[in-house]
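Just need the structure, nothing else, for what follows:
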Amino acid sequence: MGRVVNSDSIIGLPVICEQTGKRLGIVEDIQYDPHNKRIKGLIVVSNSYRSRNFFIDFDDIHAFGEMAIITKKDCQKKIQKEENNNIVGKTIIKDNGQELGTISNIIFNADDGHIEGYEISKGILDDLVAGRSILSGNFQPQLGGDVIVIPVEENIELKSNNRGILNILSESN
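Now for the predicted structure:
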């Protein structure tokens, strides 16, 4: 398995062309296909005097570094406007009425763009005390609404990411 990256860690990073050494811009967002569970590419804001957004296809990315994202070539493409494909901020509910939380982050494999899971928040206080959870499994998030409903019988896993005050205190004992 390749290096796992979360969407929050790449937003705000500079994008640099390996071929020319030119700084193309800064990552503003990611675009993904939740049905195929794969990252499509990055939305980048140009750093020219006239800010404009453009798209860089995932297959044109050479590396996701800690300080920058490197592209194989200067491969800026016009952004294809899609329907609301952003699921960050949406609430996840099982079809039995149990609320799991709100999607706060997308976790993906930097090598192939495969979505490994979604970080789930239950609110600031719960996040601080118990930490966030990671939701993974074979489910298809439905886009467009405010809530994502997951059938109870779907093969999903919700596990702690071992952060939060309670987990830190229990590890130190």
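
Any stretches of this protein with poor pLDDT?
Along the chain, segments meeting pLDDT under 70 span 1-2, 49-51, 80-85, 127, 130, 139-144, 153-154, 161-164, 166-173.

could you redo the last one with a cut-off of 80?
Along the chain, segments meeting pLDDT under 80 span 1-2, 34-35, 47-51, 74-87, 123-132, 137-146, 150-173.

Show me it divided up by domain.
Using automatic domain parsing, the domains assigned to the chain come out as 4-71, 91-172.

Sticking with the residue nearest to the spatial centre of the chain, tell me its helix or strand.
Centre of the chain computed as the mean C-alpha position; nearest residue by C-alpha atoms, centre = their mean is residue 106, 2.6 Å away. Assigned by DSSP states H and E, residue 106 belongs to strand 99-109.

following that strand, which helix or strand shows up next?
Once the chain leaves strand 99-109, the next helix or strand it forms, by DSSP H and E, is strand 115-121.

So what's the gap between that following strand and the chain middle?
Strand 115-121 sits 8 Å away from the centroid of its parent chain (C-alpha atoms, centre = their mean, to the nearest Å).
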